[in-house]
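1. take this sequence and fold it.
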Amino acid sequence: MHVTELFRGARSALSALLGLIACVAMTTACTERQSEVVLEPTDLSELASGESHTYEVTTKTGQYVFGSVNQNSVDIVVTINGPDGEQIGAIDVSARGPEHVHFETTMAGIHQIIISPFEEAEGEYSVGAFRQERLADTVEGKVDQMMSRYSDDMPGGVIAVVRSGKIVFSRSYGLANVEYAVPNSISTPYHMASVSKQFTAMAIIMLDQRGLLGLDDDVRKHLPDLPDFGPTITLRHLLNHTSGLRDHWALWVMSGGMMDDVIRQQDLVRLVHRQKDLNFEPGAEYLYSNTGFMLLSEVVTTVSGKPFGEWMTDNVFEPLGMSSTQIYDDHERIVPGRAYSYHLSEDGLSKSVLSFANSGATSLFTTAEDLAKWLANFNSGLVGGTEAIEMLQVQGVLNDGETIDYALGIGVSEQNGLRRLSHGGSDAGFRTWLGYYPEIDAGIIVLGNDASFGTNGVGPAIADVFFSNHMIFENNAIAEPDSDSSNNTQTEEWQPDAIELTAYTGRYYSDELETFYSLSLEGDQLKINHVRHGDFTLSPQEKGAFGSGVWFIGTVKFDSAEEDGVSAMRMTNGGVRNLVFERVD
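-> Coordinates of the predicted model:
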């Protein structure tokens, strides 16, 4: 699918997504903007593993340059070098669809746009038109430039800047519902995805304050039906993502589930209860796990005697005046005016279906207006008091004494000299980001319903624009990957023939997932199949280990018995390690 230029006018929602640029018809500044093409669109190009393609654009100084590269069948990384050869930017937001590229020029000359595959990926991509226009000289204009890809007939998002608990700037772009042409607004309810976690953490903190639980309690004290994995898993482990529990989304898809299925809380609880092993000893590592926060919502229900959503409404949302906020744990519930999410598929603009009926790790529905009230609470402590706000910011400490950048449901970092509390979210086509800067009592709210919306980059960039007078900007060089690093382990290349691969064929069953995978040989390729997911090719890595290129299968390693040959396989992906499938035939 080709990326096309759109600046002369958005012709349809699809063409707007494909081409990227349509002036946002919301401000008078928009109508005054003029741009010129500096790079014409290209046809499909094939990108091999380890290869890089370079495109040159001649620019003026003080310009905003913007365009897109469509990832048709390859996940790419885009880097930008200035006329002096120095790298001035690197972009890698999504794995498919458009990778939106923009940068500012501080000197005239030839800038290089370098396209490389992510890790060892390979496949096809195409480049859309790149344009340059004079860099906006107002904060409003700079935000509009960042959001200029969103026209009024496509999905978009909402931006809000909060100072001292009040929204001092807001913009809404595109449509909350494309089918009915309902525009986004600061009153549009959004699915917040993982931004929900800090709210779950606040519930646990408040129950701790009331003496109903302790952060260092064994989780099985409150959820006794949870398997005993041996070492104690505390509520704090769950809050810090240091529990070692396998991620329930990875388990769900490995078991044959689809992310657009109706996924109920009880389905996920039952799946977790079937697990026999952890990824690692609790407290030994940080590894993001949605399972922990889903279980925390169960703890709130058990300890308080109220359903999690009801408890949150009574104790958090209503006291803060968040009248448009709820825990959306019923996929059939009607929410007037809500946003729906979308993505770019081979057929054009498509709906990203989300039918969650679970909570704790996700499923907060709220608006930009209500989120401003939540950010105000970080300073006022109206709910929970200042003690709860301080507890929320206590960073996790691993068993070896290392302090991690994750506190209780929220990340802790520094941005250009300012302390920042932040979290992003991503479910279906929803993309969200919430950041609070406690030293200046200010925050940024970014809500998007386009899967290619890079909220984790837009949020901090908007903060740079609005809070620059409180920041210290340093011209730090962007780190280049070290291809000669001693940390890169080299393994002997293994090229098994068809006879060797036959040893791995058969059916494998996981009691923990209650599901089968079948391995078969097609020519000289080993295929892995699940009845719901279909066939995928396994590529040899080292002896007895294969890569799949599929996120939920990840790496497959085989166990062998001396007399009987291959006895089991183990799957490892980003959220699950060494899940065993026994060979049954």
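2. what residue lies at the spatial centre of this structure?
-> In the chain, the residue lying closest to the centroid (C-alpha atoms, centre = their mean) is Ser426, at 4.2 Å.
3. element containing it?
-> The secondary structure element spanning Ser426 is strand 418-427 (assigned by DSSP states H and E).
4. helices or strands up against whichever helix or strand comes after that strand?
-> The element immediately downstream of strand 418-427 (helix or strand, assigned by DSSP H and E) is strand 430-437. Packing contacts for strand 430-437, counted by 3 or more C-beta pairs under 8 Å, 6 or more residues apart in numbering; DSSP states H and E, involve strand 190-191, helix 368-380, strand 418-427, strand 442-448, helix 455-466. Any C-beta I mention is one placed from the backbone N, CA and C, and that applies to glycine too.
5. and stretch 191-209, what's buried?
-> For stretch 191-209, a neighbour-count test (16 or more other C-beta atoms under 10 Å) marks 191-208 as buried.
6. next, check these against the strands and list the overlap.
-> Among those, the residues falling in strands (DSSP state E) are His191.
7. from the buried residues of stretch 191-209, which land in helices?
-> Cross-referencing the buried residues of stretch 191-209 with the helices (criterion: DSSP state H) gives 197-208 as the overlap.
8. nearest to Pro231, of those?
-> When those are ranked by distance to Pro231 (C-beta to C-beta), Ile204 comes first, at 20.6 Å.
9. what ranges in the stretch 351-500 of the chain fall below the confidence cut-off?
-> Within the stretch 351-500 of the chain, the stretches falling below the threshold (pLDDT under 70) are 475-492.
10. related to what we said a few turns ago, in its sheet, what does the strand holding Ser426 sit against?
-> Looking at strand 418-427 with DSSP bridges, its partner strands are strand 411-415 (antiparallel), strand 430-437 (antiparallel).
11. so of these, which one's packed in deepest?
-> strand 430-437 (a mean of 27; mean count of other C-beta atoms under 10 Å).
12. now do it against helix 455-466: the angle between them, please.
-> When axes from the mean of the first three to the mean of the last three C-alpha atoms, to 10 degrees is applied, the directions of strand 430-437 and helix 455-466 differ by 40 degrees.
13. may I have strand 430-437 exported as PDB, CA atoms only?
-> In PDB, the C-alpha atoms belonging to strand 430-437 read as follows (Å, rounded to 0.1, in the frame of the first residue of the first chain):
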ATOM      1  CA  PHE A 430      -6.300   3.700  21.500                       C
ATOM      2  CA  ARG A 431      -3.100   5.600  22.400                       C
ATOM      3  CA  THR A 432      -2.900   7.600  25.600                       C
ATOM      4  CA  TRP A 433      -0.400   9.500  27.700                       C
ATOM      5  CA  LEU A 434      -0.600  11.300  31.000                       C
ATOM      6  CA  GLY A 435       2.300  13.300  32.400                       C
ATOM      7  CA  TYR A 436       2.500  15.400  35.600                       C
ATOM      8  CA  TYR A 437       5.400  17.700  36.500                       C
END
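14. starting at the chain centroid, how far to that strand?
-> 11 Å (C-alpha atoms, centre = their mean, to the nearest Å).
15. and the residue nearest to the centre of the chain, what is it in contact with?
-> If a contact means C-beta atoms under 8 Å, 6 or more residues apart in numbering, then Ser426 has 193-194, 432 as its contacts.
16. out of the strands paired with strand 418-427, which comes closest to Leu287?
-> For the strands paired with strand 418-427, the distance to Leu287 is smallest for strand 411-415, at 14.6 Å, taking C-beta to C-beta.
17. what's next to the closest one, contact-wise?
-> Counting by C-beta under 8 Å, 6+ apart, the neighbours of strand 411-415 from elsewhere in the structure are 393, 395, 405-406, 419-423, 437, 460, 463-464, 471.
18. with distance to Gln145 added, can I get the helices and strands packed on strand 430-437 in CSV?
-> Putting the helices and strands packed on strand 430-437 into CSV (distance: least, C-beta to C-beta, whole Å) gives the following:
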stretch, distance to Gln145
strand 190-191, 23
helix 368-380, 20
strand 418-427, 22
strand 442-448, 15
helix 455-466, 10
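19. for Gly575, find the nearest of those.
-> Taking C-beta to C-beta as the criterion, Gly575 comes closest to strand 418-427 out of the helices and strands packed on strand 430-437, the separation being 14.0 Å.
20. could you list the buried residues of the closest one?
-> So, applying 16+ other C-beta under 10 Å, buried residues of strand 418-427: 418, 420-427.
21. ok, which stretches of this structure are helices?
-> Ranges of helices in the chain, per DSSP H, are 13-19, 28-32, 139-146, 197-209, 219-222, 235-240, 248-254, 265-273, 290-304, 308-312, 368-380, 385-392, 455-466, 498-502.
22. the ones you listed into CSV, with extra columns for distance to Gly283?
-> Listed next are these as CSV, based on distance: least, C-beta to C-beta, whole Å:
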stretch, distance to Gly283
helix 13-19, 44
helix 28-32, 52
helix 139-146, 40
helix 197-209, 18
helix 219-222, 13
helix 235-240, 6
helix 248-254, 20
helix 265-273, 19
helix 290-304, 13
helix 308-312, 26
helix 368-380, 27
helix 385-392, 18
helix 455-466, 27
helix 498-502, 40
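23. tell me which of those helices lies nearest to His343.
-> For these, distance to His343 was read as C-beta to C-beta. The smallest value, 8.8 Å, belongs to helix 13-19.
24. mean confidence for the closest one?
-> Average pLDDT, helix 13-19: 34.
25. and what of stretch 55-63?
-> Here the average pLDDT along stretch 55-63 is 95.
26. now do the contacts for Leu513.
-> Residues touching Leu513, when contacts are defined by C-beta under 8 Å, 6+ apart, comprise 251, 254-256, 271, 274, 579.
27. separation between it and Val65?
-> From Leu513 over to Val65 the distance is 48 Å, taken as C-beta to C-beta, to the nearest Å.
28. pop the domain breakdown of this structure in here.
-> By the assignment in automatic domain parsing, the chain contains the domains 13-153, 190-195+310-470, 498-583.
29. what's the most buried one of those?
-> Among the domains of the chain, highest average neighbours (mean count of other C-beta under 10 Å) belong to domain 190-195+310-470, with a mean of 20.
30. what's the end-to-end length of that domain?
-> Between the opening and closing residues of domain 190-195+310-470 we find a distance of 30 Å, counting by C-alpha to C-alpha, to the nearest Å.
31. just stretch 423-443 next, same as before
-> The straight-line separation of the ends of stretch 423-443 (C-alpha to C-alpha) is 12 Å.
32. and for stretch 286-294?
-> As for stretch 286-294, its first-to-last residue distance stands at 17 Å under the measure C-alpha to C-alpha.
33. in it, which residues are buried?
-> Quick answer for stretch 286-294 (16+ other C-beta under 10 Å): 286-287, 289-294.
34. turn those into TSV, including pLDDT.
-> Formatted as TSV, the entries for the buried residues of stretch 286-294 read as follows, by pLDDT from 0 to 100:
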residue	pLDDT
Tyr286	98
Leu287	98
Ser289	98
Asn290	98
Thr291	98
Gly292	98
Phe293	98
Met294	98
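35. reformat the residues you listed as CSV; add distance to Ser187.
-> What follows is the buried residues of stretch 286-294, written out as CSV (distance: C-beta to C-beta, whole Å):
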residue, distance to Ser187
Tyr286, 37
Leu287, 37
Ser289, 33
Asn290, 28
Thr291, 33
Gly292, 32
Phe293, 27
Met294, 29
